[in-house]
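Asker: would you be able to build a 3D model of this:
(chains A and B)
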Amino acid sequence: MSEHEAGAVTFALKGRIDSLNAPEMERQLMEQLAGRADAPVEIDASELQYISSAGLRVLLRVKKTNPDMTITGVNSDVYEVLDMTGFTELMTVEKAYRTVSVEGCEEIGRGANGTIYRIDRDNVVKVYNNPDALEDIQHEREVARLALVLGIPTAISYDVVKVGDSYGSVFELLNASSFSKILATEPERMDWCVKEYVDMLRKIHGTLVPEGKLPDVRLTALGWAEFMRDYLPEEAGAKLVALVEAVPHDDHMIHGDYHTKNLELQNDEVLLIDMDTLAVGHPIFELASIYNSFVGYSEYDHEVIRRFQGFDRETGVTFWRKSLAAYLGTANEMKLREVEDKARVVGYTRMIRRSIRRRGLETPEGRAEIDLWKSELLELLERVDALTFDPDELELEAVVENLPYVQEFIDSHLEKTGCPPRAQMQIGLAAEEIFVNIASYAYAPEKGRAKVRVEVSGDPVTVTITFLDRGMPYDPLQKEDPDVTLPAEERDIGGLGILLTKKTMDDVAYEYRDGQNILTLKKKI
Amino acid sequence: MLNITNTFEDGIARCALEGRLDTVTAPELERELRDAIDDATELVLDMEKLDYISSAGLRVLLAAQKAMTGKDGKMKLTGVGDIIMEIFDTTGFSEILTIE
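Answerer: Residues are numbered from 1 along each chain as shown, chains lettered A, B, ... in the order given. Here you go, the predicted model:
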């Protein structure tokens, strides 16, 4: 029952191996291996029904003389024994795969590496694009298990099958419906979907991953940025790489392909089903991929999203905007735009690279699409200075019309601290004065950007508001105070704002540092 | 946001302000007051529902006061709350405006 092959010794095991026939099996094996120590051993287990510990001990003895051992065609019962006893970690164990057909099955999900079909009422199969997917499957099982242990609700595959020439992994998924399907068929549930989607996203981003367990998305993104250098003007390319490099390392989980086809509702429970892109990193990389799924990929051809998600572009754009607002916990249009711009920098980089690698430059439509994304990217690279974002900081164009967004941003922070109305109004007044000054003079006659930071700290509670701009150096505190005792006819109408600011704040300070005007207001509340 | 409600009767223009009088909304008030200043002998600004006033708002009030005085008319403010009153005090406006 054994035969020589070039280099490897192969040996077939059949039926049941227990303490009665194990000695005979060992004798035959040893005969086969005589003088062939260290040769690779391949054991064909496709007709093996059962193996007891006596049989396993024989395998262990063989492994001592011939450490390179592979067992193939293992059925699921035998696999369970090998798995439980730790043999799957000692040697290469390849399962026997049953065959499943997905012909006529409903497609319920699609991820970066495969497509998910429902094969019966209770089960789905994820068919991998890569025909040589066993390693991918193993990887996805490992990360899904890791995610589950860390508290992320997900389905873990219980079987690997052959689907045509590809491999698939089988999951139990009862009565489930993807969020894409819900959005497409029950548009009135949009807000509910947004809430569940964002709750899950927060849960993922709040999960700390033990070091080294998942890849770092920042390194992946750095690869995309480096790739783009060949296709961008030198300065823009260098800035793109520098922006990605400047993102700090983050050990929190990100999903990497978080769109609504990968989120399932199963009997009132929300489950993630596509885990192979799991990584660690800053949330901006996740937001970039979410932007692409709902907005970016269908920017040129609006039908793309219908083909992929089953709903129209308007639904996608609305879902993105609502989800971003819920995720950031603000409806402030300028704050949303600031973070969206940062996400788009990474998003366009990724899409352009992907399209070029898929020969996008070789067709007129592909070129038009890449040109559109590239012009957006170049425009963003002119004004985006960092990819990170901070809930206590708002960056926006310094124009008077944006004052309400600055006020809303400050007010929403102050309301959370229980700031008394009097102090809130005084802070509002001072902030208005400073922002309007920047908007009117800092960049005139051009336009530029400003940053507003709100910090609340200490005892007594102190609110600190910092304004930063890169305009002309100018210290508004140097201006002489107006005379407030003059009668109306003699009063000039300038200077009152700065006067109010100085009188109502506990501290007002100006400095010019690193090419920035920095004006700080402090108020005890 | 600033809501402005105008009424005109017997030469008296009444203007009720609601919301915020700031850099963005002050030009609206300035426009609204232009006709009142031309036509009325007295201008009454009801500030009961005004939550916020910044220096841009103060400028509009000062300009209106100057214009009314210039044509021998009168201007007064009613319903001024504590918080806004404090700003009038700080800037000396409580001395130059008629506040009821």
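Asker: which residues in the stretch 1-150 of chain A form helices?
Answerer: Along the stretch 1-150 of chain A, counting by DSSP state H, counting those that start in this stretch, helices occupy A:22-33, A:53-65, A:76-84, A:87-90, A:134-149.
Asker: nearest to chain B, out of the ones you listed?
Answerer: The minimum distance between chain B and those falls on helix A:134-149, with 46.0 Å, by C-beta to the nearest C-beta. Glycine gets a C-beta too; all of them are placed from N, C-alpha and C.
Asker: counting contacts, what elements does whichever helix in chain B runs longest pack onto?
Answerer: Identified as the longest helix of chain B according to DSSP state H is helix B:55-70. Using 3 or more C-beta pairs under 8 Å, 6 or more residues apart in numbering or on different chains; DSSP states H and E, the elements in contact with helix B:55-70 are helix A:421-437, helix A:496-504, strand B:12-21, helix B:26-39, strand B:42-53, strand B:74-78, helix B:93-96.
Asker: buried residues, the fifth one. List them.
Answerer: By neighbour count, and taking 16 or more other C-beta atoms under 10 Å in any protein chain shown as the criterion, the buried residues in strand B:42-53 are B:Leu43, B:Val44, B:Leu45, B:Asp46, B:Met47, B:Leu50, B:Asp51, B:Tyr52, B:Ile53.
Asker: what would those residues look like in a markdown table with pLDDT?
Answerer: Below are the buried residues of strand B:42-53 laid out as a markdown table (pLDDT from 0 to 100):
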| residue | pLDDT |
| --- | --- |
| B:Leu43 | 95 |
| B:Val44 | 96 |
| B:Leu45 | 96 |
| B:Asp46 | 96 |
| B:Met47 | 95 |
| B:Leu50 | 95 |
| B:Asp51 | 91 |
| B:Tyr52 | 92 |
| B:Ile53 | 93 |
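Asker: and those residues near chain A, which?
Answerer: Filtering the buried residues of strand B:42-53 for neighbours of chain A using C-beta under 8 Å from any C-beta of the partner chain leaves B:Asp51, B:Tyr52.
Asker: for chain A, state which of the buried residues of strand B:42-53 is nearest.
Answerer: Using C-beta to the nearest C-beta, B:Tyr52 is the member of the buried residues of strand B:42-53 that sits closest to chain A, with 5.8 Å.
Asker: what's near enough to touch the residue nearest to that closest one when sequence neighbours are not counted?
Answerer: Nearest non-adjacent residue to B:Tyr52, counting by C-beta to C-beta, 6 or more residues apart in numbering or on different chains: B:Arg20, 4.2 Å away. Applying C-beta atoms under 8 Å, 6 or more residues apart in numbering or on different chains to B:Arg20 gives the contacts A:Gln407, B:Met1, B:Leu2, B:Leu50, B:Asp51, B:Tyr52, B:Ile53.
Asker: my read is that A:Glu376 contacts A:Gly347, right?
Answerer: No - using C-beta atoms under 8 Å, A:Glu376 makes no contact with A:Gly347, being 9.4 Å away.
Asker: more neighbours, these two?
Answerer: Counted by other C-beta atoms under 10 Å in any protein chain shown, A:Glu376 and A:Gly347 do not tie: A:Gly347 has more neighbours, with 28 against 18.
Asker: now that one: which helix or strand?
Answerer: Assigned by DSSP states H and E, A:Gly347 belongs to helix A:333-357.
Asker: mind giving me the packing neighbours of that helix?
Answerer: Looks like helix A:333-357 contacts helix A:217-228, helix A:234-245, helix A:283-294, helix A:313-328, helix A:364-383, strand A:393-397, helix A:403-417 (3+ C-beta pairs under 8 Å, 6+ apart).
Asker: just say which of these is most tucked in.
Answerer: Most buried of those by mean neighbour count (mean count of other C-beta atoms under 10 Å in any protein chain shown) is helix A:283-294; its value is a mean of 24.
Asker: hey, C-alpha coordinates of whichever helix or strand comes after that helix in PDB?
Answerer: Next helix or strand after helix A:283-294 toward the C-terminus (DSSP H and E): helix A:304-309. Written as PDB, here are the backbone C-alpha positions of helix A:304-309 (Å, rounded to 0.1, in the frame of the first residue of the first chain):
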ATOM      1  CA  VAL A 304     -21.700  51.500 -10.200                       C
ATOM      2  CA  ILE A 305     -23.300  51.700  -6.800                       C
ATOM      3  CA  ARG A 306     -26.600  50.200  -8.000                       C
ATOM      4  CA  ARG A 307     -24.700  47.200  -9.500                       C
ATOM      5  CA  PHE A 308     -22.700  46.700  -6.300                       C
ATOM      6  CA  GLN A 309     -25.100  47.600  -3.400                       C
END
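Asker: tell me the contacts of A:Ala176?
Answerer: A:Ala176 neighbours (C-beta under 8 Å, 6+ apart): A:Ile108, A:Val124, A:Glu264, A:Leu265, A:Gln266, A:Asn267, A:Leu271.
Asker: distance of B:Met85 from A:Met425?
Answerer: 12 Å (C-beta to C-beta, to the nearest Å).
Asker: give me the pLDDT for residue 75.
Answerer: Answering for chain A, as no chain was given. Predicted confidence (pLDDT) for A:Asn75: 88.
Asker: to clarify, I was referring to chain B.
Answerer: 95.
Asker: equivalent analysis for A:Pro40, please.
Answerer: pLDDT recorded at A:Pro40 is 92.
Asker: try the one 10 residues further on
Answerer: At A:Tyr50, the predicted lDDT confidence score is 92.
Asker: do the same with A:Glu3
Answerer: pLDDT, A:Glu3: 45.
Asker: chain A contacts on chain B?
Answerer: B:20, B:22-24, B:51-52, B:54-56, B:58-59, B:62-63, B:65-66, B:69, B:82-83, B:86-87, B:90-92, B:95-97.
Asker: out of these, which are buried?
Answerer: The neighbour count (16+ other C-beta under 10 Å) marks B:20, B:22-24, B:51-52, B:54-56, B:58-59, B:62, B:65-66, B:83, B:86-87, B:90-92, B:96-97 as buried among the residues of chain B next to chain A.
Asker: which of the contacts of A:Ala176 are buried? Put it as a PyMOL command.
Answerer: Listed next is the PyMOL selection for buried residues among these, using 16+ other C-beta under 10 Å:
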select buried, chain A and resi 108+124+264+265+266+271
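Asker: still on that earlier bit, which among the contacts of B:Arg20 gets closest to A:Arg367?
Answerer: A:Gln407 (44.6 Å; C-beta to C-beta).
Asker: which ones are touching the closest one?
Answerer: By C-beta under 8 Å, 6+ apart, the contact set of A:Gln407 is A:Gly428, A:Ala431, A:Glu432, B:Arg20, B:Asp22.
Asker: repeat that for A:Ala39.
Answerer: A:Gly7, A:Ala8, A:Val9, A:Leu33, A:Asn66, A:Asp68.
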